[in-house]
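Student: Mind looking at a prediction? Sequence and model below.
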Amino acid sequence: MADGATARMINTDTVVEFDVALIERARRGDSRAFERLYREHVGRVHGLCLRMTRNPDLAADCAQDAFIKAWKALPKFEARSSFSTWLHRIAVNTVLEKRRGPANAEILAEDPTEYEEPVMSFDSPVEEEELEAAIQSLPQGARDALVLCGVYGYEHSEAASMLGIAVGTCKAQLHRARGLLKDRLERGV
Amino acid sequence: MNMRRINRIDELARSVPPARDLWPAIAAAIEAEKSAAPVAGPQRRQRWLPAAGMAAAVVLVTIGVFIGRSFGPVREIETAGTQQPAANVIPAALRDANYRKQRDVLLVEVQHKLESMPAAERAKVGASLATLRRSIGEIEAALGRDPANALLQELLVNSVQEEMRALTAVRDSGNQEI
């Protein structure tokens, strides 16, 4: 009987094989296969966009654009990276592009007063929400590094590559993010 | 305690579904992409077809002229005693009345086609056709000096055929695109 770790591994392998089959079908123009990939990955892609943009409408737009770009770029997808990582890279690029565009400059502007300081309490049922709110209150660069490395578990090199910054900068931003987060959580106590 | 909470960042839900289903808009974009692709692809190919064909022909003819010039003097010495007037050494296929008639008709049609093209495209196509004709002229001139040169004769036939293919492609290019 497989133990928990083995069971997880088998499950992961099955998911990867499942993805590979769907990707191959989608590459050949099967939009139903791509829809299944979308259903499987949309939550994580949207979560990433939401945490980077802090705006639900803009996050939905970014996630939508990311999937459209992914469909167009599928022939270029190489199995060297996972489909999920590849999708996230496209999503991060999309968010960065939106930030550069003038249309969303106001929405994405850095303004610490724009966000309410979360009311903190230890081990309360809303702890996760408080943590999310504290992350959202972080400056953009620090937040990006924290979201990619802290929440989504990317290595510094991967996150730096996605964000188009140096690895050292990414490490510094993550360190800054953790410090600010600690301060903000303490101030909320 | 706050450090403990910070360390729990990696336990936050990575998946946050959007409030609305994004698939309908994505599917619409995909369908638009799919329906545009079959039209755009061949159109792009057809647009380049005459230019690519002519480019290939020009390269072929240029190589032919180069070879013809390289071998010309040697052949001239070898065949000096047997030289004939140029008109007599033009391959029979090229003197064929039917070929001449077809080419004349094609030239008229191509001229009409050129007139309907945008100026930039017309200039490019016209320049390529002129290069082809100039190259054919040079091969004919080389044949005049070396009438028995089989290689030049073959090159001339090939070049003239390339010219016919290029003219046909130019004539048909607009019809294919529409």
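Tutor: Looks like it came in fine. Numbers count the residues shown, from 1 in each chain, chains lettered A, B, ... in the order given.

Student: buried residues in the host helix or strand of residue B:128?
Tutor: Counting by DSSP states H and E, the element that carries residue B:128 is helix B:119-145. Within helix B:119-145, the residues that count as buried by 16 or more other Cβ atoms under 10 Å in any protein chain shown are B:125, B:128-129, B:131-132, B:135-136, B:138-140, B:142-145. In this view, the C-beta of every residue, glycine as well, is placed from N, C-alpha and C.

Student: As TSV, those residues with distance to chain A and pLDDT would be great.
Tutor: Output for these, formatted as TSV (distance: Cβ to the nearest Cβ, whole Å; pLDDT from 0 to 100):
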residue	distance to chain A	pLDDT
B:125	32	80
B:128	32	81
B:129	37	81
B:131	36	80
B:132	37	80
B:135	39	81
B:136	42	82
B:138	45	82
B:139	44	82
B:140	48	82
B:142	48	81
B:143	50	79
B:144	54	81
B:145	54	79
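
Student: Sort out which one of those lies nearest residue B:36 for me.
Tutor: Each of the buried residues of helix B:119-145 was scored against residue B:36 by Cβ to Cβ, and residue B:125 proved nearest at 26.5 Å.

Student: How many residues are close by the closest residue to the closest one other than its chain neighbours?
Tutor: Leaving out its chain neighbours, the residue that sits closest to residue B:125 by Cβ to Cβ, 6 or more residues apart in numbering or on different chains is residue B:170, at 5.8 Å. By the measure other Cβ atoms under 10 Å in any protein chain shown, the count of residues near residue B:170 is 25.

Student: Can you pull out the low-pLDDT segments for chain A?
Tutor: A:1-18, A:80, A:102-126, A:188-189 (pLDDT under 70).

Student: Work out for me the element the residue nearest in space to the middle of it sits within.
Tutor: In chain A, the residue lying closest to the centroid (Cα atoms, centre = their mean) is residue A:48, at 2.4 Å. In this assignment (DSSP H and E), residue A:48 forms part of helix A:31-53.

Student: hmm, the helix or strand following that helix in reach of chain B?
Tutor: Using DSSP H and E, the helix or strand that follows helix A:31-53 in sequence is helix A:56-73. Yes. Counting by Cβ under 8 Å from any Cβ of the partner chain, chain B has neighbours in helix A:56-73: A:56, A:59, A:60, A:63, A:64, A:67, A:68, A:71, A:72.

Student: Compare these and tell me which is most surrounded.
Tutor: residue A:63 leads these on contacts (other Cβ under 10 Å) with 31 neighbours.

Student: For chain B, which residues are neighbours of chain A?
Tutor: Residues of chain B lying near chain A (Cβ under 8 Å from any Cβ): B:1-3, B:5-6, B:8-10, B:12-20, B:22-23, B:25-27, B:29-31, B:33-34.

Student: And the buried ones among the residues you listed, selectable in PyMOL?
Tutor: To isolate the buried members of the residues of chain B next to chain A in PyMOL, using 16+ other Cβ under 10 Å:
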select buried, chain B and resi 2+5+6+9+12+14+16+18+22+23+25+26+27+29+30
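
Student: among the residues of chain B next to chain A, which are in helices?
Tutor: Among the residues of chain B next to chain A, the residues falling in helices (DSSP state H) are B:2-3, B:5-6, B:23, B:25-27, B:29-31, B:33-34.
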